[in-house]
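> Build me a model from this:
(one chain, ligands or ions: 1)
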Amino acid sequence: MRRKVTVGTRDSALALWQTRWVIGQLEKQHPEVTFEVVEMKTKGDKMLDVALAKIGDKGLFTKELEIAMQNKEIDFAVHSLKDMPTALPEGLTIGAVCKRDNPGDALVSKDGRKLSQLPRGARIGTSSLRRCAQLLSYRPDLQLESLRGNLNTRMKKLAAERLDGIILAAAGIIRMGWEDMIAEIIPFNICLPAVGQGAISVECREDDRDILEMLKTIEHSETRVATDAERSLLRHLEGGCQVPIGAYGQVKNKRLTLSALVSTLDGSQVLRTQGEAEIDGAKALGIEVAEKLLTMGGKEILQKVRSGE
Ligand SMILES: NCc1[nH]cc(CCC(=O)O)c1CC(=O)O
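Presented below is the predicted three-dimensional model:
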């Protein structure tokens, strides 16, 4: 085993927290190894004020790290699985998917009100098409305002822009130590999470045996299986950030379930379905549930959203 390992990460507070967490776990098993952290800015970090759906680039938060990995400047990179494209660049692989934290979306509101208690026409900050569509479907009176930036920036905008609330991934809020600010984890029947939400992933070179071996110690097989199903669904729908798509996989009693959703941007049409399979059938289940959505009318919805109608 090598003595020194170089780890790439974005430089946001959340990314650094996640990277330190991964290194902390690895150090328990490999006290002889020194981990050196290399902070990098990705294109997504340089365009933090632009709506993701408008940039529409795959690998916005990963590409620079991936190039550094291919060039052997870093040995592995720590990501939020949610930010990873479903197709990886040549020669790279996901060496570990770690145990998922709370996968839900959380409401942080002005005076701790829950979603159902917000006044009519309340102004809610989120730039995610998936969150907007589902919130509008539940409460068409809500006014959704664009909200981008790192978690710190978004939290500050709650007060600065006098919003009634903002929606963020629960996992991110909890990792930053702001759990007390969560008014409500929004139930999945109202807002189904993004593919991979709440899971940290580690990407590395697929031929780097030492690193692959090392990463096995932080792999969580149930999270891997669940998120494999979600990512397979997203790949089949050719999702990305331009279409409201939600999915949540879960392993219970050695069975895998996958719930999924496709919606129009305004939440006027929301399709939901689910499926179940053995745990070794994650990829096939993702495709099966995606196909179900497409035949239920998802095909027309995807066409509508993509053509900008
Ligand atoms: N899109 C940015 C992003 N990527 C991962 C997380 C949260 C952490 C996670 O899902 O593991 C967030 C913040 C958010 O969506 O509020």
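
> per-residue confidence for whichever residue of the stretch 1-150 of the chain sits closest to the ligand?
Closest to the ligand within the stretch 1-150 of the chain is Ser80: 3.4 Å, counting by Cβ to the nearest ligand atom. Quick note: C-beta positions are derived from backbone N, CA and C, even for glycine. Here the pLDDT value assigned to Ser80 is 96.

> isn't it right next to Ile200, touching?
Yes: the pair Ser80 / Ile200 is scored as a contact, 6.6 Å apart, by Cβ atoms under 8 Å.

> quick one: common contacting residues for the two?
Overlap of the contact sets of Ser80 and Ile200 (by Cβ atoms under 8 Å, 6 or more residues apart in numbering) consists of Gln18.

> Between the two, which is the more surrounded one?
A side-by-side neighbour count of Ser80 and Ile200, using other Cβ atoms under 10 Å, places Ile200 first with 28 against 24.

> For the more buried one, give me phi and psi.
phi -100, psi 140 (degrees, to the nearest 10).

> count of neighbours near the closest residue in space to it that isn't next to it in sequence?
Residue nearest to Ile200 in three dimensions, not counting chain neighbours: Cys98, with 4.5 Å by Cβ to Cβ, 6 or more residues apart in numbering. When neighbours are counted by other Cβ under 10 Å, Cys98 registers 21.

> got the contact list for Cys98?
22, 25, 199-202, 218-220, 223.

> got it, and Thr6?
By Cβ under 8 Å, 6+ apart, the neighbours of Thr6 are 35-36, 38, 73-75.

> which element is it on?
If you go by DSSP states H and E, Thr6 is part of strand 4-10.

> Next SSE downstream of that strand?
By DSSP H and E, the next helix or strand past strand 4-10 is helix 13-29.

> ok, and for that next one, which residues are buried?
Neighbour counts over helix 13-29 (16 or more other Cβ atoms under 10 Å) mark 14-15, 17-19, 22-23, 25-26 as buried.

> The ligand versus the residue nearest to Val97 when sequence neighbours are not counted, what's the distance?
Leaving aside its chain neighbours, Val97 sits nearest to Arg224 (4.4 Å; criterion: Cβ to Cβ, 6+ apart). Noted for Arg224: a distance of 15 Å to the ligand, by Cβ to the nearest ligand atom, to the nearest Å.

> What score does Arg224 have for pLDDT?
98.

> Can you check my assumption that it lies in a strand?
No: per DSSP: H, G, I helix; E, B strand; the rest coil, Arg224 lies outside any strand segment and is helix.

> where along the stretch 151-300 of the chain do the helices fall?
Applying DSSP state H, counting those that start in this stretch to the stretch 151-300 of the chain gives helices spanning 151-160, 170-175, 209-215, 221-237, 282-293, 299-306.
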